[in-house]
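> how does the following fold in three dimensions:
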Amino acid sequence: MLKMPTETPSQNQAHIQAQDLLRFIDASPSPWHAVNNVEQRLLAQGFTQLHEAQAWRLKAGSSYYVVRGGASIIAFTLGKQALTDTGLRMVGAHTDSPSLRLKPQAAFSNNGLVRIGVEVYGGPILATFTDRDLSIAGRVTVRTETGFETRLIKFDEALMRLPNLAIHMNREVNDKGLVLNKQTELPLIFGMGEDGIETDRQFISHIANSLQVKVEDILTWELNVFDTQKGTFWGANQEFIANSQLDNLASCHAAVTALLATESPGSTCLCALFDHEEVGSESTTGASGSFLADVINRIAASTNLSEEARLRMLAQSFFISADMAHAYHPNHPNAYEPCHHVLVNKGPVIKTNANQRYSTNADTAARFITLCERAKVPYQQYAHRTDLGCGSTIGPIIAASLGVASVDVGSPMWAMHSIRESAGVLDHSYMISVLQTMFNS
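Numbering: from 1, shown residues only. Down below sits the predicted model:
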């Protein structure tokens, strides 16, 4: 079902917001970079950093953020009205995307070539990683005089590649598709072996030189493979965008942009960006961890809420789980539920699943529809084909753990979990508008 708007964002405004999204993604090739870039935006707008190990002294009307594990961040602005009267207005998304992660001892040699062992993270479309200009980014722990410190690293140049096997040796590739063995056929080619230099040292030296440290001072890493091709506009009227990690950095960008545009809200507004959604959220930095509950409890404590008052606050709260949605692909009509074709550039998608793979119910869907109408934004509704397994989000996790009303929504996109995904310019602007309307409600 498609509800048409009474007005649309200007093409110029939507283009500017989409361009900012592409720049954000290009600068965020790992969850740690994404959080660092969000942090810089928050600081530029006057947000104050909090630390979990320190006491919090919060002031009404002020804005704060806290980072856990480097890859999850929660930002909030305390509203002017009492928490028990308004509850919390919350948006949640995730900073991670399906990818390849380097193993702890990654480099090995074979027939004069240095190859890099990788592990599959989440559920990427592996075939899309072939014949791309790949590089690595993430975080590295480095030995210091007092212990160790964590540093971000990102190689802008193409360092690695996963070449396809020529069709002369794989004659059925166009009939049966490209299937890659995750152990033997995913290692990436890094370079030629160097005489007299151990393979592992050759690779680690590259990292050490970038960080300007000794090889011996590299302790551990969490490194992500990414595509060095920048995001771009495409289409006859440049109405589409393409980039990696639209799922789900587009939702992160929309949530943060909406929060930063919300001035002096009556309700307390909160944006929670979690790591590890693509692998189940079961971690200290994932949505199944205590991060959001801990922050909410400390907000309640700072305003001297009793336990009963805290529960009253949660009963008044509303959570929007923002994660991208499956746009209708005209080349594959049989992959979609016949009455639930959602279209690119036609507005946010309300996602529903009877088996609670999404947190949406009739009440929360109606609430989001009302927000769309206030924002003069179109909306669509999506249900997955009954004979196909349905993915899930952080929505059910948060709804169950906090007992808050929750809805699952997302902007429509093509090629979810490909290394190169596509979405609509207008949809990103629509999502920002409706999230800002929620924060101001």
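
> and residue 205, what are its phi and psi?
phi -60, psi -40 (degrees, to the nearest 10).

> again, but for residue 421
phi -110, psi 160.

> shaky segments in the protein?
1-9, 196 (pLDDT under 70).

> what about 80?
1-10, 195-197 (pLDDT under 80).

> can you give me the helices in it?
11-26, 31-44, 83-86, 173-176, 199-211, 246-260, 291-302, 307-315, 362-375, 395-402, 425-439 (DSSP state H).

> go through these and name the closest to residue 413.
Across the helices of the chain, residue 413 has its closest neighbour in helix 246-260 (5.6 Å, Cβ to Cβ). Just so you know, the C-beta spots here come from the backbone N, C-alpha and C atoms, and that holds for glycine as well.

> what angle sits between that closest one and helix 31-44?
Comparing the axes of helix 246-260 and helix 31-44 via axes from the mean of the first three to the mean of the last three Cα atoms, to 10 degrees yields an angle of 10 degrees.

> the helices of the chain: which one's closest to residue 97?
Among these, helix 246-260 comes nearest to residue 97, with 6.2 Å by Cβ to Cβ.

> may I have that closest one exported as PDB, CA atoms only?
What follows is helix 246-260, C-alpha atoms only, in PDB (Å, rounded to 0.1, in the frame of the first residue of the first chain):
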ATOM      1  CA  LEU A 246      23.700   1.500   2.700                       C
ATOM      2  CA  ASP A 247      22.400  -1.200   4.900                       C
ATOM      3  CA  ASN A 248      22.500   0.200   7.400                       C
ATOM      4  CA  LEU A 249      24.700   3.400   7.500                       C
ATOM      5  CA  ALA A 250      21.900   5.100   5.600                       C
ATOM      6  CA  SER A 251      19.600   4.600   8.600                       C
ATOM      7  CA  CYS A 252      22.400   5.700  11.000                       C
ATOM      8  CA  HIS A 253      22.900   8.900   9.000                       C
ATOM      9  CA  ALA A 254      19.200   9.600   8.800                       C
ATOM     10  CA  ALA A 255      18.800   9.200  12.600                       C
ATOM     11  CA  VAL A 256      21.800  11.300  13.500                       C
ATOM     12  CA  THR A 257      20.800  14.000  11.000                       C
ATOM     13  CA  ALA A 258      17.300  14.200  12.400                       C
ATOM     14  CA  LEU A 259      18.600  14.300  16.000                       C
ATOM     15  CA  LEU A 260      21.000  17.200  15.200                       C
END
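
> so that helix versus helix 425-439, what angle?
Going by the same axes, to 10 degrees, helix 246-260 makes 40 degrees with helix 425-439.

> show me which residues of helix 246-260 are buried.
246-260 (16 or more other Cβ atoms under 10 Å).

> ok, so of those residues, who is nearest residue 99?
After measuring the buried residues of helix 246-260 against residue 99 - Cβ to Cβ - the closest member comes out as residue 247, at 11.3 Å.

> ok, that closest one to residue 403 distance?
28 Å (Cβ to Cβ, to the nearest Å).

> next one: residue 88
12 Å.

> which one's more surrounded, those two?
residue 88 (23 against 12; other Cβ atoms under 10 Å).

> tell me the bridge partners for that one.
Listed by DSSP bridges, the beta-bridge partners for residue 88 are residue 268.

> show me what contacts it?
267, 268, 269, 270, 296, 299, 313, 314, 316, 317, 318, 404 (Cβ atoms under 8 Å, 6 or more residues apart in numbering).

> then residue 20?
253, 257.

> hmm, 6 Å instead?
If you count contacts by Cβ atoms under 6 Å, 6 or more residues apart in numbering, residue 20 has none.

> equivalent analysis for the one 10 residues further on, please.
By Cβ under 6 Å, 6+ apart, the residues touching residue 30 are 137, 138, 224.

> the first one: neighbouring residues, count only.
Right, the one you point to is residue 137. 21.

> in TSV: the contacts of residue 88, plus neighbour count and distance to residue 440.
Putting the contacts of residue 88 into TSV (neighbours: other Cβ atoms under 10 Å; distance: Cβ to Cβ, whole Å) gives the following:
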residue	neighbour count	distance to residue 440
267	26	8
268	26	12
269	26	8
270	25	14
296	24	20
299	22	19
313	23	19
314	19	21
316	18	16
317	22	16
318	21	13
404	22	19
